[in-house]
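In: here is my input, please return the structure:
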Amino acid sequence: MSVSFAFRPRILDALKGYTRARWFADMGAGITVGIVALPLAMAFAIASGLKPEAGLWTAIIGGFLVSLLGGTNVQIGGPAGAFIVIVYGIVERHGVAGLLISTTCAGLLLFALGLLRLGNLVRFVPVSIVIGFTNGIAVLIALSQVKDALGLSITKMPGDFVAQVQVLAQHIGSINPYALGLTIACLGGLFLWPVLFVRHNRLVLRLADGKTVRSFARIPAPVVALVSLTAVASFMHMPVETIGTRFGGIPQSLPGIELPTLSWDTVRQLLIPTLTIALLGAIESLLCARVADQLATGEHHRKHDPNQELMAQGVANFVVPFFGGMPVTGTIARTVTNLRSGATSPIAGIVHAATLGAIVLLAAPLALHIPLAVLAGILLYVAWNMGEWHEFVRLRHFSNHYRLLMLGTFFLTVVFDLTVAVEVGLVLACVLFVRRMSALFRADPLPLDAEAPSTRLGWSLHGALFFGAAAKIDPLVQAIEAAPHGVQVTLDMRHLFALDTTGLDGLEQILKAVAQRGGHLTVHDPQEQARSLMERSGFIAKLAGQGPPTAPGSGQEPLSGTA
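Out: Predicted coordinates:
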């Protein structure tokens with residue numbers, strides 16, 4: 001494993017030949033995505049059991065650092081819906097201090113992964129596992145918003161799925177019709193907005209010209225829902241819970257620096273949460289970067305650098321907890337918005353952070369009146385778009401292995417937690433991979449001439465002879481043990497592309513069985529990997545120590561004398 005000390009943020013390359021036109025494009029995209037991020041950042045923090053300012057400053061500071069130091073042109077960093085369940089569970093068990101310590105340690109781990117050039121290893125996570133836990137998280141996000149969406153009088157929601165369902169069922173009679181109405185109106189507006197305005201030819205109000213409609217449609221739907229429904233609720237004095245009634249508002253000032261108290265015992269207790277944040281952050285950010293690569297066009301866009309991106313995510317996650325923030329990762333919805341708004345460089349992400357900062361510092365008092373039911377509606381919409389629900393329909397087209405991985409990860413994520421789901425999913429993926437690879441190995445009998453003596457046996461080995469397929473050597477050993485004395489055995493290895501030490505032990509068993517029958521073993525045409533292992537282990541030397549065969553050969557040139 002080689003360590004790379006190359007730390008080169010993409011912004012250094014993106015600014016070469018930077019033009020005024022690109023500056024205006026990045027400014028427009030950054031302002032747009034900054035406005036989009038405003039309600040999402042607050043909603044993610046509240047759903048995670050934190051104050052809304054935790055999400056806002058995470059988006060501001062984390063988004064700035066990811067854009068400044070990252071390995072992509074257009075990725076936007078900040079709080080993400082995928083972390084809601086994880087953060088809520090950590091806060092429930094270890095408190096906010098535990099979350100800050102876990103996030104800081106996860107930042108160090110992410111930076112180390114990038115430094116050791118392990119960014120590409122994240123791609124080894126099977127897509128079935130990614131889809132399974134993504135859909136599971138979407139379900140949990142939706143479930144966590146039922147309380148605020150219905151306005152239920154629940155003091156505190158538990159962290160696990162079964163307990164949440166039980167608590168919701170016990171308080172279902174305390175529905176607030178005003179909160180429910182705001183949630184339905186919010187969801188309806190979010191779903192109808194693209195139909196009414198993006199496809200402006202369907203607009204009923206034909207009085208407005210197409211240009212005006214298209215310009216109006218550029219206003220992000222969550223922002224329209226947030227502003228309009230907050231105004232309605234405030235004007236009508238609806239008896240619903242707001243940010244002000246629950247949190248007392250958002251501080252209109254820069255956050256103070258808080259140093260988490262680190263100790264070895266605390267870090268050890270938080271090992272699993274730390275690994276979960278780091279793993280999920282790496283997967284989310286690099287998947288987001290790959291999506292951006294696929295959607296990006298034009299001369300200014302380049303493929304992302306996964307190792308640089310992980311180092312940037314590591315720095316962001318290390319720094320943000322000192323300002324009371326939550327985990328940072330790449331965010332697909334905001335990145336796509338940034339890209340489609342015309343972003344050409346990381347400058348757009350920096351402008352996005354500056355836009356959010358200006359809004360918080362100048363308009364924080366207005367957030368007092370935002371109903372939590374509206375934020376719940378926005379998060380329900382996020383959960384719906386986050387889930388890849390069509391994959392459940394497509395399951396019938398895939399193998400049983402794929403179905404088992406995806407459904408297993410999904411149910412484990414929902415019923416237990418993401419950590420268990422990913423751990424079990426990866427172990428199960430390895431087991432299924434071993435099973436599939438072992439099925440590729442076979443030993444076909446070599447065709448022998450009719451005049452060949454009865455003491456001749458031979459097999460052609462195909463595939464990979466490794467620990468998962470070593471049991472398939474047993475029938476060969478049994479056939480040799482049942483052969484006459486002086487049996488001559490030939491193994492054709494030209495089609496064996498991989499051999500490990502367990503497979504080599506199987507060849508040793510064949511050699512031992514041949515020796516017990518007073519016979520001779522010949523190996524033909526091993527590929528380079530198998531030849532190297534047999535030489536280093538001394539197996540070829542053992543073949544040479546057998547002495548010359550006592551019967552005619554097969555006519556093939558053996559490996560190194562008797563090998």
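In: where does residue 494 land in three-state SS?
Out: strand (DSSP: H, G, I helix; E, B strand; the rest coil).
In: who's in contact with it?
Out: Neighbouring residues of residue 494 by C-beta atoms under 8 Å, 6 or more residues apart in numbering: 460, 524, 525, 526, 527. Yep, even glycine has a C-beta here, placed from its N, CA and C like the rest.
In: so how far is residue 544 from it?
Out: Distance, residue 494 to residue 544, by C-beta to C-beta, to the nearest Å: 20 Å.
In: low-confidence ranges, the stretch 51-200 of the chain, go.
Out: Along the stretch 51-200 of the chain, the parts satisfying pLDDT under 70 run over 196-200.
In: one more pass at 90, please.
Out: By pLDDT under 90, the low-scoring segments of the stretch 51-200 of the chain are 80-86, 88-90, 92-97, 117-138, 140-142, 144-145, 153-164, 173-174, 189-200.
In: save the contacts of residue 494 as a markdown table, and put in pLDDT and neighbour count too.
Out: Converted to a markdown table, the contacts of residue 494 look like this (pLDDT from 0 to 100; neighbours: other C-beta atoms under 10 Å):
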| residue | pLDDT | neighbour count |
| --- | --- | --- |
| 460 | 93 | 19 |
| 524 | 90 | 19 |
| 525 | 90 | 17 |
| 526 | 92 | 22 |
| 527 | 92 | 14 |
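In: secondary structure element for residue 182?
Out: Using DSSP states H and E, residue 182 sits in helix 177-193.
In: and that helix, how far out from the chain middle?
Out: 31 Å (C-alpha atoms, centre = their mean, to the nearest Å).
In: before we move on, what about stretch 274-284?
Out: Using C-alpha atoms, centre = their mean, the offset of stretch 274-284 from its chain centre is 8 Å.
In: what of stretch 328-339?
Out: Worked out by C-alpha atoms, centre = their mean, stretch 328-339 lies 14 Å from the chain centre.
In: what of stretch 247-266?
Out: 28 Å.
In: and residue 46, how far from residue 364?
Out: 15 Å.
In: looking at these two, which one has more neighbours?
Out: Set residue 46 next to residue 364 and count neighbours by other C-beta atoms under 10 Å: residue 46 wins out with 25 against 17.
In: residues in contact with the closest residue to that one other than its chain neighbours?
Out: Counting by C-beta to C-beta, 6 or more residues apart in numbering, residue 52 is the residue found nearest to residue 46 once chain neighbours are left out, at 5.7 Å. Residue 52 is in contact with 41, 42, 45, 46, 243, 247, 250, 367, counting by C-beta under 8 Å, 6+ apart.
In: please repeat the previous calculation with a cut-off of 7 Å.
Out: The contact partners of residue 52, taken as C-beta atoms under 7 Å, 6 or more residues apart in numbering, are 42, 45, 46, 243, 247, 250, 367.
In: the last one contacts residue 250, correct?
Out: Yes. In this structure residue 367 lies within contact range of residue 250 using C-beta atoms under 7 Å: 4.9 Å.
In: neighbours of residue 6, how many?
Out: 10.
In: scratch that, residue 447 is what I was asking about
Out: 8.
In: can I assume it sits in a strand?
Out: No. Under three-state DSSP, residue 447 falls outside any strand and is assigned coil.
In: look up how far residue 460 lies from it.
Out: 9 Å.
In: state the pLDDT value of residue 399.
Out: Predicted confidence (pLDDT) for residue 399: 84.
In: that one: neighbour count?
Out: By other C-beta under 10 Å, neighbour count at residue 399 equals 12.
In: and residue 265, by the same measure?
Out: Neighbours around residue 265, by other C-beta under 10 Å: 7.
In: residue 8 versus the nearest residue in space to residue 34 that is not next to it in sequence, what's the distance?
Out: Spatially, and ignoring its direct neighbours in sequence, residue 34 is nearest to residue 355 (2.9 Å; C-beta to C-beta, 6+ apart). Distance, residue 355 to residue 8, using C-beta to C-beta: 27 Å.
In: also residue 458?
Out: In terms of C-beta to C-beta, residue 458 sits 57 Å off from residue 8.
In: and for residue 292?
Out: Counting by C-beta to C-beta, the gap from residue 292 to residue 8 is 19 Å.
In: more neighbours: which of the two?
Out: Set side by side, residue 292 and residue 8 show more neighbours around residue 292, with 24 against 12, by other C-beta under 10 Å.
In: tell me the first helix or strand C-terminal of the host helix or strand of that one.
Out: For residue 292, the host element (DSSP H and E) is helix 271-295. Following helix 271-295 in sequence order, the next helix or strand is helix 306-319 (DSSP H and E).
In: relative to helix 271-295, how tilted is that following helix?
Out: 130 degrees (axes from the mean of the first three to the mean of the last three C-alpha atoms, to 10 degrees).
In: show me which residues of helix 306-319 are buried.
Out: 306-319 (16 or more other C-beta atoms under 10 Å).
In: show residues contacting it.
Out: 4, 7-10, 61-62, 65-66, 69-72, 77, 103-104, 106-108, 110-111, 113-115, 117, 119-120, 281-282, 285-286, 289, 327-329.
In: cool, and stretch 402-422?
Out: Against stretch 402-422 from outside (C-beta under 7 Å, 6+ apart): 85-86, 89, 126, 128-129, 131-133, 135-137, 139-140, 161, 272, 276, 279-280, 391, 395, 424-425, 428-429.
In: next, the buried residues of that stretch.
Out: 402, 405-406, 408-410, 412-414, 417-419, 421-422.
In: that one - what's its average pLDDT?
Out: 85.
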